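Q: Fold the stuff below for me.
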Amino acid sequence: MEELLAAADIVKSYGTYQALKGVSLTLNAGQMAAVMGPSGCGKSSLLLILGLLQKPDHGTYTCKGRDLLGLDAGEQALFRRQFFGFILQSCAVFAYSTVEENVEFPLIYSGVPRKERLARVRELLDSVNLSGKAQARSNLLSGGEQQRVAIARALINNPKVLLADEPTGQLDAENTRKLMAHFRSVCENLDVGIIVVTHDPQVADYCDTVYSLQDGRAIVACKHFSSKPASGHAANNRRP
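A: Predicted coordinates for the structure are as follows:
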């Protein structure tokens, strides 16, 4: 598989607190990786660094051999828009816009013609079980429905890498299963790489690789994903 991202020895401090103490990870096309660990261990900081939304204090970060940390702010912004899709904990939907408008917005920004925009929006809304809510105002949706809107919006521009921070945190078990099955389909059919920050071992069971952050460092367990998630847990991680 083609390597998409490679981060090595990532260090990040906030004042005197060192959140990340030399984290390394890689992501290939068509691969889904989970990042797990207790609250405050640096999972979200790592995701923001990988998405070029924060700068590390030390380390290297490349995409297909290209030095991403060496890009200037404008170059990073362009790369971020073209390469990444984001699902953050806050959902960040536009409260008084419709579901369809929320998902359509990135395509408007990218200059996609309206007819093509609507076809892609409808396809994605169907994939996250929201086709019946297309004209609903986002502020009237449940938390789980808002999260699914955010997921559809993150996928609308066909990103090469999807970065998801607790994407199932507000979903029930059935919609969690459907979402993770959809993520697997995106990985396998579109060669998209996905990194999921999660507390949920059932979510991690859908992933090919699990990184467990402990004391600011990463312990990695490599797995071979099967269509029936294993009953195991990231606690079985081992040092490579």
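Q: Have a look at this protein and report its longest helix.
A: Counting residues, the longest helix in the chain under DSSP state H turns out to be helix 173-190.
Q: Return the set of buried residues in that helix.
A: 175, 176, 177, 179, 180, 182, 183, 184, 186, 187 (16 or more other C-beta atoms under 10 Å). For the C-beta atoms, the positions are set from N, CA and C on the backbone; glycine is no exception.
Q: Could you do stretch 186-205 as well?
A: 186-187, 192-198, 200-205.
Q: so how far is residue 144 from residue 132?
A: Residue 132 sits at a distance of 15 Å from residue 144 (criterion: C-beta to C-beta, to the nearest Å).
Q: neighbour count winner among the two?
A: Set residue 132 next to residue 144 and count neighbours by other C-beta atoms under 10 Å: residue 144 wins out with 17 against 10.
Q: Phi, psi for that one please.
A: phi -70, psi -40 (degrees, to the nearest 10).
Q: Just to check, it is in contact with residue 169?
A: No - counting by C-beta atoms under 8 Å, residue 144 stays clear of residue 169, with 9.2 Å between them.
Q: What strands flank the helix or strand bottoming out on mean pLDDT in the chain, and is each parallel or antiparallel?
A: Within the chain, no helix or strand scores below strand 217-222, which has a mean of 80 by mean pLDDT, DSSP states H and E. With DSSP bridges as the test, strand 217-222 is paired with strand 209-214 (antiparallel).
Q: Now the strand it pairs with: buried residues?
A: 209, 210, 211, 212, 213.
Q: same deal with stretch 157-169?
A: Residues of stretch 157-169 classed as buried: 157, 159, 160, 161, 162, 163, 164, 165, 166, 167, 168, 169 (neighbour count, 16+ other C-beta under 10 Å).
Q: Same check on stretch 3-18?
A: Residues of stretch 3-18 classed as buried by neighbour count (16+ other C-beta under 10 Å): 4, 5, 6, 7, 10, 11, 12.
Q: go on, stretch 79-86?
A: 80, 83, 84, 85, 86.
Q: from those, which two are the most distant?
A: Largest separation among the buried residues of stretch 79-86 by C-beta to C-beta: 83 and 86, giving 11.0 Å.
Q: And the buried residues of helix 173-190, which is closest to residue 65?
A: residue 187 (22.0 Å).
Q: For the closest one, give me its contacts.
A: By C-beta atoms under 8 Å, 6 or more residues apart in numbering, the residues touching residue 187 are 30, 31, 32, 193, 194.
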